[in-house]
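[1] model this:
(one chain, ligands or ions: 1)
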Amino acid sequence: MSNNAQLTAKSLFNVEDWVCVVSGGGTGIGLMITQAYANNGARVYILGRREDVLKKTAETYGAGLANPRGKIIPVVCDITDKTSLEQAVQTVRQNEDHVDVLVNNSGVTKGESEFTKGDRDVTALARELWSEEQSDWEDVYRTNVIGHFFTAVAFLPLLAETAKSQAGHTGCVINVTSVAGITSDSLGHISYNISKGAAIQLSTTLAQEFRRQAVRVRVNNIAPGYFPTEMLTQESDEHNKSRIADPDFGRKFGIPAGRAGGDKDMAQAALLLACNEYAYGETLIIDGGFLLEHPYRREQQSMVKKAYTYTFHTPIPTHAGEEEISYTRAAAEEHTTLLKAQSRSSRKRRPRTGSAGIVIAYERRREVQ
Ligand SMILES: NC(=O)c1ccc[n+]([C@@H]2O[C@H](COP(=O)([O-])OP(=O)(O)OC[C@H]3O[C@@H](n4cnc5c(N)ncnc54)[C@H](OP(=O)(O)O)[C@@H]3O)[C@@H](O)[C@H]2O)c1
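    Just a heads-up that it's a prediction; the model follows:
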């Protein structure tokens, strides 16, 4: 007997009648994920602080869903407030006896610094960084990390009910983190990046702790690159959608795909992690290749130096403007040989290849302090 029918896209990514909770589901990436689940027949509870925004999303996108069993239900909730979270759980409980998917998507960013001032003047850089507000750091961490933790805990009993009541099916948490939590480039918003690094660590820690027998909740995270949202463009239209008008956006921000991410890119990622019951503790990077062009930590690299990889002749964006860093082919080969040698002792050290297939290791040799 063939299992062909189980392997259609419709069957593999079937979330019909699932119960999903998406924090920040009224706008941006949360809205993209909400649409992905609701159009495939899930009841999606969207959390956020602005009631009018949530209602607008439920009215606009809840009507005419591709799968009529889908629903979008607004729930006013501030994820930084435990009482508000308890009330949101109570609201969901009135209608549902379990939750299949919780997407911890709510997030904020505050404060910016021009690190490029350090190219010329340490005093100017120190002054710039000193002007960052401690309260901004606390606000960002409160939402992006602490909020994600307490939202996961608040919904944990309902998430655990999924595995108890349905054999072979587990509830899951998907945290929306960011490539900002992976790259070592501050991108000008260091407090945000550090919070996202912590959010990735939160995901893997919860994945480890929630796999326990009495819990059996999977935890994964999606690390997006640039997507058009209120966070990025500071606004959205009357349908709660944001746009990036600049056709040169992809090149300016170092994105090999040549564009910002779109609704479909995010929807596919959200369906994958919701439905793949074999994904545990993963970080799914959906960034159009952004991390191929930006430095990131490589813990497995040598203890005395870090290697950052860039594709051949890739312009490295800086906040002061773009600066073309070119290498001779001989230098390229030398560095590639070095990284290949390193990769032999650990598969994880393998350098990332760019679209041209040529890898350049741009090494910033730094002594470990
Ligand atoms: N856009 C990007 O390029 C990008 C890239 C990587 C990662 N991300 C991440 O994607 C996630 C979604 O952000 P976005 O880009 O889609 O921006 P966005 O449109 O501003 O969405 C953020 C959402 O979070 C909600 N929110 C903020 N604070 C909240 C709180 N205390 N309680 C409940 N909800 C709260 C907001 O709704 P209310 O204001 O109504 O509460 C809003 O709907 C964030 O975690 C962000 O860090 C974005």
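[2] ok, the nearest residue to N193 once chain neighbours are set aside - how many residues close by?
    Spatial nearest neighbour of N193, chain neighbours left out: A180 (4.4 Å); criterion: C-beta to C-beta, 6 or more residues apart in numbering. Backbone N, C-alpha and C define where each C-beta goes, glycine included. By other C-beta atoms under 10 Å, the residues close to A180 number 25.
[3] Okay, helices next: where are they in the protein?
    9-12, 28-38, 51-62, 82-95, 122-130, 134-141, 148-165, 190-210, 230-233, 249-252, 263-275, 329-345 (DSSP state H).
[4] now those as CSV including distance to P295 and mean pLDDT?
    Supplementary listing: the helices of the chain in CSV, determined by distance: least, C-beta to C-beta, whole Å; pLDDT from 0 to 100:
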stretch, distance to P295, mean pLDDT
helix 9-12, 36, 96
helix 28-38, 24, 98
helix 51-62, 36, 98
helix 82-95, 37, 98
helix 122-130, 19, 97
helix 134-141, 22, 98
helix 148-165, 26, 98
helix 190-210, 12, 98
helix 230-233, 21, 95
helix 249-252, 18, 94
helix 263-275, 23, 98
helix 329-345, 14, 40
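[5] so which residue of the stretch 101-250 of the chain comes closest to the ligand?
    Distance from the ligand to each residue of the stretch 101-250 of the chain (C-beta to the nearest ligand atom) is smallest for G107, at 2.3 Å.
[6] quick one, what contacts that residue?
    Taking C-beta atoms under 8 Å, 6 or more residues apart in numbering as the criterion, G107 is in contact with 24, 143-144, 176, 178, 231.
[7] and stretch 213-223, which residues are buried?
    Taking 16 or more other C-beta atoms under 10 Å as the neighbour-count basis, stretch 213-223 is seen to contain the buried residues 216-223.
[8] Give me the distance between I146 and T123.
    Distance, I146 to T123, by C-beta to C-beta, to the nearest Å: 34 Å.
[9] no, scratch that, I was asking about D139
    Counting by C-beta to C-beta, the gap between D139 and T123 amounts to 28 Å.
[10] now do L12
    Here L12 is placed at a distance of 58 Å from T123 (C-beta to C-beta).
[11] try G26
    Taking C-beta to C-beta as the criterion, G26 is separated from T123 by 44 Å.
[12] Between the two, which is the more surrounded one?
    G26 (29 against 10).
[13] Measure how buried Y296 is and give me the count.
    Residues contacting Y296 under the criterion other C-beta under 10 Å number 17.
[14] next one: R127
    The burial metric for R127, expressed as a neighbour count using other C-beta under 10 Å, is 11.
[15] ok, now G262?
    Neighbours of G262 under the rule other C-beta under 10 Å: 13.
[16] The protein against the ligand: which residues are in contact?
    Counting by C-beta under 6 Å from any ligand atom, the positions of the chain adjacent to the ligand are 23-24, 26-30, 47-50, 53, 77-80, 105-108, 143, 147, 176, 178, 224, 226-227, 229-232.
[17] Give me the buried entries from the residues you listed.
    Among the residues of the chain next to the ligand, those scoring as buried are 23-24, 26-30, 47-49, 53, 77-80, 105-108, 143, 147, 176, 178, 224, 226-227, 229-232 (criterion: 16+ other C-beta under 10 Å).
[18] which non-adjacent residue is nearest R49?
    Ranked by C-beta to C-beta, 6+ apart and with sequence neighbours excluded, the top spatial neighbour of R49 is D78, at 5.1 Å.
[19] can I assume that neighbour is in contact with R50?
    No: checked against C-beta atoms under 8 Å, the pair D78 and R50 is beyond contact range at 10.3 Å.
[20] what about stretch 256-264, start to end distance?
    18 Å (C-alpha to C-alpha, to the nearest Å).
[21] which parts of it are buried?
    Buried-residue list, stretch 256-264, by 16+ other C-beta under 10 Å: 256-257, 259-261, 263.
[22] same deal with stretch 268-283?
    With the criterion 16+ other C-beta under 10 Å, stretch 268-283 contains buried residues 269-276, 279-283.
[23] what does that stretch contact?
    Under the criterion C-beta under 8 Å, 6+ apart, residues 12-15, 18, 20, 32-33, 36-37, 40, 100-101, 103, 168-170, 172, 174, 177, 182, 200, 203-204, 207-208, 211, 218-224, 284, 286 lie in contact with stretch 268-283.
[24] List buried residues within the residues you listed.
    Those of those that meet the buried threshold are 13-15, 18, 20, 32-33, 36-37, 40, 100-101, 103, 170, 172, 174, 177, 182, 200, 203-204, 207, 218-224, 284, 286, by 16+ other C-beta under 10 Å.
[25] re the thing from before, turn the helices of the chain into JSON lines, including distance to S242.
    As requested, those are arranged in JSON lines below (distance: least, C-beta to C-beta, whole Å):
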{"stretch": "helix 9-12", "distance to S242": "28"}
{"stretch": "helix 28-38", "distance to S242": "6"}
{"stretch": "helix 51-62", "distance to S242": "12"}
{"stretch": "helix 82-95", "distance to S242": "25"}
{"stretch": "helix 122-130", "distance to S242": "28"}
{"stretch": "helix 134-141", "distance to S242": "20"}
{"stretch": "helix 148-165", "distance to S242": "22"}
{"stretch": "helix 190-210", "distance to S242": "17"}
{"stretch": "helix 230-233", "distance to S242": "5"}
{"stretch": "helix 249-252", "distance to S242": "13"}
{"stretch": "helix 263-275", "distance to S242": "11"}
{"stretch": "helix 329-345", "distance to S242": "38"}
